[in-house]
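Student: build the 3D model from these lines:
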Amino acid sequence: PPLIDMNRDIGDLLLEKKVRIDREGNINYKQRYVGKLYSDLNFTDFPFDEQILHFILATYGPDAEDIVFELDNNFTGVRKVLSIEGWDIKFLEAVIGNELIQSQGAKSDKNFARIDIRLSADRNSKYYLLNIIMPLCLIVLMAWAVFWIDPSAIGPQVGLSTATVFTLIAFRFSLGFRLPKVSYFTRIDNFIMYSTILVFMALGVAIATTKIASDGNEELAKRIEKWARYLYLILFLIIIIFTLWF
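Tutor: Purely as a prediction, here's the structure:
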């Protein structure tokens, strides 16, 4: 009987069927298919995620209960080099088992032979480090530079802060095509969100210190900026550690 995949129909026959019968009457049946398979993915740790791809092959048909699978280690696994850009694919295991099928109207349930195949897909995160995380870190540090400008210089402070916010907004729009579209937050989503909040906090502090300085209390404004320099970096390090590391 042919094979089916519990995730999806295997697809088209790739090669002709081959059946060999030895002198003892044992039948060796070979059949090769090609097709698309699907597996559930979890992007919570994106872009540092490792996916476990689980595929199930099972027999079906009137003679399916008489079929027993045997693994041939010489032909079970994956190629050493796979043309899957951005992923490192490794073969984990192939386990032979039984699939219990509950049939309506039948006197008893039936067991069909099945093989569970598991692959490990480890994402290459270098692209996201260089093209998303590092540029965002530079934008956050750009907002940090406002605390080194004298609070009496209203124009440079407000100009740098607003320029940083506009840069961040434009950068976030460009990320829409690079991030997975899921209904939950991933690691990089948390990093982007908290970094955005930090940049807007820097804008708020810059506006507050310029207002305090313009009211004649320049020393208080300088003390606030001095403390903000260290607090801003500490908060940014905490964001990096708890969103990208742990």
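Student: remind me what the helix or strand that contains Val19 packs against, helices and strands.
Tutor: Element membership for Val19, per DSSP states H and E: strand 18-21. If you count contacts as 3 or more CB pairs under 8 Å, 6 or more residues apart in numbering; DSSP states H and E, strand 18-21 packs onto strand 27-30. Every C-beta, even on glycine, is put in place using the N, C-alpha and C of the backbone.
Student: just checking: what are the partner strands of the strand it packs on?
Tutor: According to DSSP bridges, strand 27-30 has the following sheet partners: strand 18-21 (antiparallel).
Student: now the strand it pairs with: mean pLDDT?
Tutor: For strand 18-21, the mean pLDDT works out to 79.
Student: cool, and stretch 55-63?
Tutor: Across stretch 55-63, pLDDT averages out at 77.
Student: what residues sit buried inside it?
Tutor: Neighbour-count burial for stretch 55-63 flags Phe55, Leu57, Ala58, Thr59 (criterion: 16 or more other CB atoms under 10 Å).
Student: with secondary structure and distance to Asn124 as new columns, can those residues be given to me in JSON lines?
Tutor: Shown next, in JSON lines, are those (DSSP: H, G, I helix; E, B strand; the rest coil; distance: CB to CB, whole Å):
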{"residue": "Phe55", "secondary structure": "strand", "distance to Asn124": "22"}
{"residue": "Leu57", "secondary structure": "strand", "distance to Asn124": "28"}
{"residue": "Ala58", "secondary structure": "strand", "distance to Asn124": "33"}
{"residue": "Thr59", "secondary structure": "strand", "distance to Asn124": "37"}
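Student: which other residues reach stretch 182-189?
Tutor: 43-48, 128, 132-133, 179-180, 193, 243-244 (CB atoms under 8 Å, 6 or more residues apart in numbering).
Student: one more time with 10 Å
Tutor: Applying CB atoms under 10 Å, 6 or more residues apart in numbering, the contact partners of stretch 182-189 are 41-49, 125, 128, 132-133, 136, 175, 178-180, 191-193, 242-246.
Student: now the residue lying closest to Glu218 once chain neighbours are set aside, what's its secondary structure?
Tutor: Using CB to CB, 6 or more residues apart in numbering and skipping residues adjacent in sequence, the residue nearest Glu218 is Ser152, 5.9 Å away. With DSSP: H, G, I helix; E, B strand; the rest coil as the basis, Ser152 sits in coil.
Student: wait, isn't Ile89 in contact with Leu82?
Tutor: Yes - the criterion here is CB atoms under 10 Å, and Ile89 meets it with Leu82 at 5.0 Å.
Student: tell me which of those two has more neighbours.
Tutor: Ile89 (15 against 12; other CB atoms under 10 Å).
Student: where does the helix or strand where the more buried one lies sit relative to the chain's centre, distance-wise?
Tutor: Assigned by DSSP H and E, Ile89 belongs to strand 87-101. A distance of 22 Å separates the centroid of the chain from that of strand 87-101, by CA atoms, centre = their mean, to the nearest Å.
Student: counting by contacts, list what it packs against.
Tutor: If you count contacts as 3 or more CB pairs under 10 Å, 6 or more residues apart in numbering; DSSP states H and E, strand 87-101 packs onto strand 50-59, strand 110-123.
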